[in-house]
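1. quick one, what's the 3D model for this:
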Amino acid sequence: MNNPKPVFVIATFYRFVSVQDTDALHDRLYERCEQAGIKGTIIVAKEGINGTIAGSRVGIESLLAFFRNDERFQDMEYKESHALQMPFHRLKIRIKKEIVTMGQPDIDPSQKTGRHVNADTWNKLLLDPEVLVIDTRNRYEYTVGTFKNAISPDTGNFREFPEYVRRSLATCKHKKIAMFCTGGIRCEKATSYLLNQGFDEVYHLKGGILKYLEVVTPDENLWQGECFVFDGRVAVNRDLEKGEHIMCYSCRMPLSAVEQASDKYEEGISCPYCYDDLTDERRQRLAERQRQVKLAEARNDDHIGKEQNNSRLEKI
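-> Numbers count the residues shown, from 1 in each chain. Below is the predicted model:
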């Protein structure tokens, strides 16, 4: 009788709250995660905490107990999904200036944000022609999937969002604006920024896309495509299961099944986004790396270069 494969719990969480003991919190988190066998990325800053991690159910519960014992994190935004393979290769805990980088030091989401709305209210906003629905994520995430009627700011990273507001929304301060992102953290900060800029009525989807997909029924689901995630799954479908997208090792772009069928796609080497820009030298280096990965797979070993760089969590 075969033993069932272990199921890993993938946890995403964040909380905007004052954290003055960043060094001490970093050390305590690292010790607890190491003991619990948890891998992934956690960012600690004076404005709060942000993480995407994975581990066994027992390991994740150990970390949740740690958070429950700290009153600062008892109301933390938290979501779970599952995978049959560990989606991370190591544990990284970083101390940064911001848990999600916007570069606007006057913004404090712990004090002021837009109105949180649940999935039912969100659908009504999506279908209201008077509401501007803005996807606060980056352009590569938007191409993987988004909500019906959503507008993309066409940003390469979240730091560009304030410029998008100045450029495209300056005349929209009296309109209803509804924003969303993967797990809620970026749109929470974005709504705080808009309120600071004098916008009147701003909403955001509580818990983000991942919470929406978790609770909404199939007949009411207005999501289109897949949702990019910050782990080895690359993207998840409407059922929060691993989707069809993979990530190009060379340029880190998520690739659909159609893009994987392109003549310019070669596993571990190139894709339609980077094929024309690769030098012969880089192509040779990538080809040798891919050869080593395949040799390691044949030996049933992990190759250190196999990890796809999903550290975008630190760059959004």
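2. now what about stretch 56-69, what contacts it?
-> Surrounding stretch 56-69, the residues in contact under the criterion C-beta atoms under 8 Å, 6 or more residues apart in numbering are 6-9, 11, 13, 28-29, 32-33, 35-38, 53, 55, 73-74, 76, 78, 80. In this view, the C-beta of every residue, glycine as well, is placed from N, C-alpha and C.
3. just the buried ones from these?
-> Neighbour counting with 16 or more other C-beta atoms under 10 Å marks 8-9, 11, 13, 29, 32-33, 36, 38, 53, 55, 73, 76, 78 as buried within those.
4. and of those residues, the nearest to Arg137?
-> Phe13 (18.0 Å; C-beta to C-beta).
5. end to end, how far does stretch 98-115 reach?
-> Criterion C-alpha to C-alpha, to the nearest Å; first-to-last residue distance in stretch 98-115 is 22 Å.
6. from now on call the first residue 380
-> Happy to do that; since the first residue is 380 now, the last one works out to stretch 477-494.
7. average model confidence for that stretch?
-> Summarised as a single mean, pLDDT over stretch 477-494 is 94.
8. burial count for Glu620?
-> Neighbour count for Glu620, taken as other C-beta atoms under 10 Å: 12.
9. quick one: low-confidence parts of the stretch 380-529 of the chain?
-> By pLDDT under 70, the weakly predicted segments of the stretch 380-529 of the chain are 380-385.
10. turn the buried ones among the contacts of stretch 435-448 into CSV, including secondary structure.
-> Output for the buried ones among the contacts of stretch 435-448, formatted as CSV (DSSP: H, G, I helix; E, B strand; the rest coil):
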residue, secondary structure
Phe387, strand
Val388, strand
Ala390, strand
Phe392, strand
Leu408, helix
Arg411, helix
Cys412, helix
Ala415, helix
Ile417, coil
Ile432, strand
Gly434, strand
Phe452, helix
Met455, coil
Tyr457, strand
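11. with respect to Ile625, which of those is nearest?
-> Phe387 (19.0 Å).
12. you'd agree the closest one is up against Phe467?
-> No. Counting by C-beta atoms under 8 Å, Phe387 sits too far from Phe467 to count as a contact (9.2 Å).
13. shared neighbours, these two?
-> Residues touching both Phe387 and Phe467 by C-beta under 8 Å, 6+ apart: Ala433.
14. which residues in the stretch 480-629 of the chain form helices?
-> All helices of the stretch 480-629 of the chain, identified by DSSP state H, counting those that start in this stretch, fall at 498-505, 518-523, 540-547, 564-575, 587-594.
15. tell me which of these approaches Lys475 most closely.
-> Closest approach to Lys475 among these is made by helix 564-575 (13.2 Å; C-beta to C-beta).
16. run through who's touching the closest one.
-> The contact list for helix 564-575 (C-beta under 8 Å, 6+ apart) reads 393, 395, 429, 456, 478-479, 481, 483, 485-488, 491-493, 513, 515-516, 537, 540-541, 544, 548, 556, 558-560, 581-584, 587, 695.
17. that's a helix at Leu674, yeah?
-> Yes. Assessed by three-state DSSP, Leu674 belongs to a helix.
18. ok, back up a step: make a PyMOL selection of the buried ones in the contacts of helix 564-575.
-> Burial among the contacts of helix 564-575 is assessed by 16+ other C-beta under 10 Å; the matching PyMOL selection reads:
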select buried, resi 393+395+429+456+478+479+481+483+486+488+492+493+513+515+516+537+540+541+544+548+556+558+559+560+581+582+583+584+587+695
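19. got the CA coordinates for stretch 506-515 in CSV?
-> Below are the C-alpha coordinates for stretch 506-515, written out as CSV (Å, rounded to 0.1, in the frame of the first residue of the first chain):
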residue,chain,number,x,y,z
LEU,A,506,-20.6,45.3,-12.7
ASP,A,507,-21.3,49.0,-11.8
PRO,A,508,-20.4,51.1,-14.9
GLU,A,509,-19.8,54.1,-12.7
VAL,A,510,-16.9,52.4,-10.8
LEU,A,511,-13.3,52.4,-11.9
VAL,A,512,-11.9,49.0,-11.1
ILE,A,513,-8.1,49.1,-10.9
ASP,A,514,-5.7,46.1,-10.7
THR,A,515,-2.9,47.4,-8.5
